[in-house]
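# coords please:
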Amino acid sequence: MELLHALSAHEEKTPPRLWFITRRAQSVPMTGSPSHRSRAPLWGFARVATNELPRYRFTLADLGAESGPKSRLELDGLLSEILAAGDEYEVAFRRQGTRYLPRLVPATLAQATHPRAAPARRQRRPRAVLHRLGRHRRP
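Numbers count the residues shown, from 1 in each chain. Predicted coordinates:
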């Protein structure tokens, strides 16, 4: 937060691009890699910062592999992304450095993975009943 306050206090001709890099904060549906929800708030923070400070370019990058050769390929992809200075602001690297970007694509109802949700119904909860209230000696 202090970094954002410091950035907003300085007037520069070309504002810097800030990168937020996480590991498994986002799930990529086609890869089956699980996300760690505890790491996702940084993405939310960066998205809010993008809206609040539109002058600055915030970029979110997410890596998948913890270590090993796959991690090396993801880091190579990340370095290429940083050096390319492209327009993408959210990117994920998975499986041998493959680059994934958020996109909306047309889909048919048959392709939907979730069944139609049933309409919500209000259910009445039973009242709690407390039994054997009173003073008891500790054993």
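# all helices of the chain, in order?
2-9, 41-52, 69-84 (DSSP state H).
# tabulate these in JSON lines, adding columns for mean neighbour count and mean pLDDT.
(Each C-beta comes from the backbone N, C-alpha and C, glycine too.) Formatted as JSON lines, the helices of the chain follow (neighbours: other C-beta atoms under 10 Å; pLDDT from 0 to 100):
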{"stretch": "helix 2-9", "mean neighbour count": "10", "mean pLDDT": "73"}
{"stretch": "helix 41-52", "mean neighbour count": "14", "mean pLDDT": "87"}
{"stretch": "helix 69-84", "mean neighbour count": "15", "mean pLDDT": "81"}
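# could I get those helices as JSON lines with distance to residue 97?
Listed next are those as JSON lines, based on distance: least, C-beta to C-beta, whole Å:
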{"stretch": "helix 2-9", "distance to residue 97": "29"}
{"stretch": "helix 41-52", "distance to residue 97": "21"}
{"stretch": "helix 69-84", "distance to residue 97": "3"}
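# quick one, which of those helices is nearest to residue 25?
Residue 25 sits nearest to helix 41-52 of all the helices of the chain, at 5.7 Å, using C-beta to C-beta.
# how about low-confidence regions in this protein?
Where the chain drops to pLDDT under 70, the residues are 30-35, 65-70, 111-139.
# where's residue 81 relative to residue 22, distance?
14 Å (C-beta to C-beta, to the nearest Å).
# find the residues that touch each one of these two.
By C-beta atoms under 8 Å, 6 or more residues apart in numbering, residue 81 and residue 22 have these common neighbours: residue 61.
# separation between residue 71 and residue 26?
Counting by C-beta to C-beta, the gap from residue 71 to residue 26 is 16 Å.
# just the strands in the protein please.
17-23, 57-63, 90-94, 98-100 (DSSP state E).
# can I get those strands in CSV including distance to residue 40?
Below are these laid out as CSV (distance: least, C-beta to C-beta, whole Å):
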stretch, distance to residue 40
strand 17-23, 8
strand 57-63, 10
strand 90-94, 12
strand 98-100, 16
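# identify whichever of those strands lies nearest to residue 43.
strand 57-63 (5.6 Å).
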